[in-house]
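Chemist: the sequence and its predicted three-dimensional model are supplied below.
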Amino acid sequence: RNHLEMYTAIKAWADEKLAYLNVKEAVHSSEDARQHLSLLDAFLPAFKAMTDTNKPAFEAVGADILAARYHTQYSEWVYEHPDEIKRLMAVVGQAWTDMTAASAAKRERLDDDLARNSYAEHTRLLGDQYVRKAALLEGWGTEQLSYLRVKETNANSHEAVVQLSLLDAYEKAMVGATESLTSLRVLDGEIVARKYETKLSSYTYERVAEVRATDNKLGALWNSLQAAHKDKKAVLEDDKARHEFKEHVELSALCFVDMHTKLTAWADEKKKFLQARETVDSVEKASLHLSLLDAYGREKKDLTGGSIAALKKLSSEIQTAKYSSSLSTWVHPELPRLAGLEKTLLSAWAELDTHASTKQAWLDDALLREQLRAKVYLRADMHVRGHNRLDAWAQEKLAYLKTKETIDNIADARRQLRLLEAFDTEQALISRTTVATLGDLGREVLTTKYSSALSSWQYEKPEEVTQRKSKVDDDWRDFGSLQRSKKTVLERSLEDEITKENLRLDFAAAAGQLSGFVRDNLKFISARSVLRDPQSGVLGFTVDEFDAYGKQQVVEDERLLREDTALMATSERLLAALEAFGPVRNPYTKLGRPDLAALHEQLLAGLKQRRAQFDLELERQLDDDSICEQFADVANPLLKLINESMSSLIRPKGSLEDQLALIAAQQGAIPEYERAVQQLRALAAEIAAHKIAFNRHCTSSAADVETQLRDYGAILAYKRPQLEQEIEYKKLRGVTPAQIEEIERFFKQFDKDNSGFIDKKEMRSCLYSLGEE
């Protein structure tokens, strides 16, 4: 029954799936094919699951039924319908074979449907691309054909160039469009050639005729574009050439008119210049106007060879210019007017030469007159400037002769006398040269005159020349009296300066001696300063040595002050004699009265500082000696006690018990000694802080005392156990503690009742153990 139920279920599922696998679906697109392939893919897991579970289970049940057998000595039994079981299993096996074949056939059909529809869709997509591109090319070609058939009205060459640039842009676009047409035709060939064919189905593109028609239409349009482009380009190039020719000629005409206008204006301006008669009252103005006239001549010559020649050439080119082609012609419409302008200008150009000749003659005459005037003015100006320089020199020398110089030394006095002698020499030279030259210039100015047929002239201010000569004569008379007076004053000043110079030298030497005395002794005092190196030992190592040095220092200070007072008196005497001449500068020394007093004060301050430093060092020495004495008060008794105790240990007296008692007492005193060592450490730290290198009260350091105490304690600790062992040995009368312990162990072994005594019975046992009877 179970086998039949399983068969029924499996057979129903297999019939359903075979019906699905044998159906041929209508597939109209690749999407339909993919959906049916997805359904087929969904069937495979279910088929595999049935193959792996239900079918094996069904076959296993059938096999169990066929294998089932009952057999005993009494009876046996097997399933009565084994052929039915085998038939059912064969039916299921065949169904599985049919589903496998149907599944493979269905997949092959659906794969073919997917490939065919994908190919067809790709072909249609290419066809749609072809249609869209063809439509774009056709629209572009139609638009461009309309543009090419339009005839633009170009007013100038720029507009023609713009239209040609647009045509050039069209040509570039045409290249791209032609390339697009070529690629479109490649696409056309690809679409027409596409065909799908298998043993199951086939496909060709449905709109081949439409593609062919579109290609022919585009070819005809392209031919029209090429013809229209050729015609338009010819027209535009002709427009450009004609307008460029026209614009060139019109530009030449404008240049001609502009040149004519400028040259006519120049001619009118120069005519006024040539007819003008300027006021000429100097050589510069005459030369300026002649140079202007010469510049005019050069300018006219340049214009004649340049602008006028260019104007004539330009006029000839305009008159003969004509444009002619198969499409158009052109000439300038104002040729007669331009010819008249040229004739008028050339007539005005010839008139300028007449006016230039007249002005040249007038300016040459003015130049000759002004050159003579300029020469006289130059001499007069030289006379004025020469007199001004001479007057400035004379006023400077008069001021010099009237000045009383401040003379501070012999060199100044001698220099002033030499300057006065130089003045005498200079005055004589000036008289022979400058004064004589000034007289010659004055006479030339007063006697020179100009006269010609056109004008005459002589110097306008002769009285000024005469006044300048009189001023020079007056100054020269004043020089003699002032020079003699100044020489007398300078000779007297020289005598005073010789006296002052000797006083300067003497004072400089005395002041320098005083300064060197103070400086050297201050250096000596500073070198002996105790504060530079407190541990140097210069002043001594003990308080007594310091006291002796202090007394010696007092005697030295008194000697230095006596010598300083004597040097001060000499310097002040010389300074007073020098100051009697008034404020005097001494180049040999910078020292003055305040400096002398300052040197004395420096010496006093140095001696005072040295005394203060000595007192400070003496106080420090007393403090250091006190600390060293405190250290000795603690260290010396302790060392003495340790040494005495060490001696008693080396040479002991009394019994062993007395020696042990002495050691115990000495060990009990160790903590007190250690407290004394702590006190010594503190004092030693204070000594180190004061940088005391030598303690005259104690030769041992805190470390030395601490080492001796440590050694002393170690000896006591070593000695005490020895004494205790000796005393114990003495008490045991020669028996060692180990032997006593062994005896006690044997005694307890035979003292059975632990009474502390050995009775007869226990004694007998002991003897037996020793081999006695």
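Modeler: Everything's here; your move. Numbers count the residues shown, from 1 in each chain.
Chemist: when you work out contacts or count neighbours from here on, use the C-alpha atoms and nothing else.
Modeler: OK.
Chemist: and for Met89, the neighbour number?
Modeler: 19 (other Cα atoms under 10 Å).
Chemist: sorry, slip of the keys, the one I care about is Pro594.
Modeler: Pro594 has 8 nearby residues by other Cα under 10 Å.
Chemist: just Ala366 next, same as before
Modeler: Count around Ala366 with other Cα under 10 Å applied: 21.
Chemist: check which helix or strand it maps to.
Modeler: Using DSSP states H and E, Ala366 maps to helix 335-402.
Chemist: how about Trp77?
Modeler: strand 76-78.
Chemist: equivalent analysis for Asn521, please.
Modeler: helix 462-527.
Chemist: and the next helix or strand past that helix?
Modeler: helix 543-579.
Chemist: all strands for this protein, in order.
Modeler: 69-71, 76-78, 195-197, 202-204, 323-324, 329-330, 449-451, 456-458 (DSSP state E).
Chemist: what average pLDDT does the first one get?
Modeler: I take that to be strand 69-71. Throughout strand 69-71, pLDDT has a mean value of 91.
Chemist: one more: the third one?
Modeler: Averaging the model's pLDDT scores along strand 195-197 yields 89.
Chemist: packing partners of it?
Modeler: strand 202-204 (3 or more Cα pairs under 8 Å, 6 or more residues apart in numbering; DSSP states H and E).
Chemist: and for the last one?
Modeler: Contacting strand 456-458 under the criterion 3+ Cα pairs under 8 Å, 6+ apart are the following elements: strand 449-451.
Chemist: how about the strand it packs on: buried residues?
Modeler: By neighbour count on 16 or more other Cα atoms under 10 Å, the buried set for strand 449-451 is empty.
Chemist: ok now that strand, how far from the chain's centre?
Modeler: Relative to its parent chain, strand 449-451 has a centroid offset of 80 Å by Cα atoms, centre = their mean, to the nearest Å.
Chemist: show the contacting residues for Leu338.
Modeler: Ala253, Val257, Ser315 (Cα atoms under 8 Å, 6 or more residues apart in numbering).
Chemist: an error on my part: the question was meant for Arg124.
Modeler: Tyr205.
Chemist: tabulate the contacts of Leu338 (CSV), appending neighbour count.
Modeler: Converted to CSV, the contacts of Leu338 look like this (neighbours: other Cα atoms under 10 Å):
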residue, neighbour count
Ala253, 21
Val257, 17
Ser315, 22
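Chemist: return the member of those residues nearest to Lys300.
Modeler: Val257 (19.1 Å; Cα to Cα).
Chemist: look up the closest residue to the closest one, ignoring the ones flanking it.
Modeler: Leu338 (7.7 Å; Cα to Cα, 6 or more residues apart in numbering).
Chemist: pLDDT value on the one you found, please?
Modeler: So Leu338 comes in at 86 (pLDDT).
Chemist: count the residues that sit near Leu599.
Modeler: What Leu599 shows, counting by other Cα under 10 Å, is a neighbour count of 21.
Chemist: contacting residues for it?
Modeler: Leu514, Ser515, Val518.
Chemist: measure the second one to Val192 for me?
Modeler: According to Cα to Cα, to the nearest Å, Ser515 and Val192 sit 130 Å apart.
Chemist: for Glu644, same thing?
Modeler: 140 Å.
Chemist: the more surrounded of those two?
Modeler: Counted by other Cα under 10 Å, Glu644 and Val192 do not tie: Val192 has more neighbours, with 18 against 12.
Chemist: quick one: the more buried one and Ala566, what's the gap?
Modeler: From Val192 to Ala566 the distance is 142 Å (Cα to Cα).
Chemist: over to Asp98?
Modeler: 154 Å.
Chemist: looking at those two, which has the bigger crowd around it?
Modeler: The residue with more neighbours, out of Asp98 and Ala566, is Asp98; 16 against 11, by other Cα under 10 Å.
Chemist: how about that one: what's its closest non-neighbour residue?
Modeler: Using Cα to Cα, 6+ apart, the closest residue to Asp98 is Leu18 (7.4 Å).
Chemist: report the contact partners of the one you found.
Modeler: Asp98, Met99, Ala102.
Chemist: low-confidence ranges, the stretch 651-773 of the chain, go.
Modeler: Where the stretch 651-773 of the chain drops to pLDDT under 70, the residues are 732-737, 771-773.
Chemist: what about 80?
Modeler: Where the stretch 651-773 of the chain drops to pLDDT under 80, the residues are 651-653, 656, 693-696, 712, 723, 725-742, 746, 750, 760-762, 764-773.
Chemist: what segments of it are helices?
Modeler: 656-689, 702-731, 737-750, 760-769 (DSSP state H, counting those that start in this stretch).
Chemist: save the ones you listed as a markdown table, and put in distance to Ala576 and mean neighbour count too.
Modeler: Listed next are these as a markdown table, based on distance: least, Cα to Cα, whole Å; neighbours: other Cα atoms under 10 Å:
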| stretch | distance to Ala576 | mean neighbour count |
| --- | --- | --- |
| helix 656-689 | 57 | 15 |
| helix 702-731 | 69 | 15 |
| helix 737-750 | 113 | 12 |
| helix 760-769 | 136 | 13 |
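Chemist: save these as a markdown table, and put in distance to Ala213 too.
Modeler: A markdown table is the format used below for the helices of the stretch 651-773 of the chain (distance: least, Cα to Cα, whole Å):
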| stretch | distance to Ala213 |
| --- | --- |
| helix 656-689 | 124 |
| helix 702-731 | 129 |
| helix 737-750 | 142 |
| helix 760-769 | 151 |
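Chemist: closest to Gln360 out of those helices?
Modeler: Comparing the helices of the stretch 651-773 of the chain by Cα to Cα, helix 656-689 comes nearest, at 115.9 Å.
Chemist: give me the distance from that closest one to the chain's centre.
Modeler: That offset, for helix 656-689, works out to 74 Å (Cα atoms, centre = their mean).
Chemist: run the angle between it and helix 702-731 for me.
Modeler: Angle, helix 656-689 to helix 702-731, by axes from the mean of the first three to the mean of the last three Cα atoms, to 10 degrees: 170 degrees.
Chemist: low-confidence ranges in the stretch 401-550 of the chain?
Modeler: 408-410, 452-455, 496-497, 500-501, 504, 507, 525-550.
Chemist: of the contacts of Leu599, closest to Gln553?
Modeler: For the contacts of Leu599, the nearest to Gln553 is Val518 (16.8 Å; Cα to Cα).
Chemist: any idea how far the closest one is from Arg573?
Modeler: 19 Å.
Chemist: those two: which has the busier surroundings?
Modeler: With neighbours defined as other Cα under 10 Å, Val518 and Arg573 compare such that Val518 has more, 22 against 11.
Chemist: list the contacts of the more buried one.
Modeler: Contacts of Val518 by Cα under 8 Å, 6+ apart are Asp564, Leu599, His600, Gln602, Leu603.
Chemist: doesn't Asp564 make contact with the third one?
Modeler: Yes - in this structure, His600 is within contact of Asp564 by Cα atoms under 8 Å, at 7.2 Å.
Chemist: I'd like the contacts of Leu338 laid out as a markdown table, including distance to Lys469.
Modeler: Shown next, in a markdown table, are the contacts of Leu338 (distance: Cα to Cα, whole Å):
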| residue | distance to Lys469 |
| --- | --- |
| Ala253 | 74 |
| Val257 | 69 |
| Ser315 | 73 |
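Chemist: among those residues, which ones are in helices?
Modeler: Ala253, Val257, Ser315 (DSSP state H).
Chemist: out of those, who's nearest Asp391?
Modeler: Val257 (68.0 Å).
Chemist: how near is that closest one to Glu152?
Modeler: Counting by Cα to Cα, the gap from Val257 to Glu152 is 32 Å.
Chemist: next one: Arg116
Modeler: 56 Å.
Chemist: so between those two, which is more surrounded?
Modeler: Arg116 (24 against 15).
Chemist: counting neighbours, what do you get for the residue nearest to His158 when sequence neighbours are not counted?
Modeler: Nearest residue to His158 in three dimensions, chain neighbours excluded: Lys240, at 7.9 Å (Cα to Cα, 6+ apart). Around Lys240 there are 23 other residues, counting by other Cα under 10 Å.
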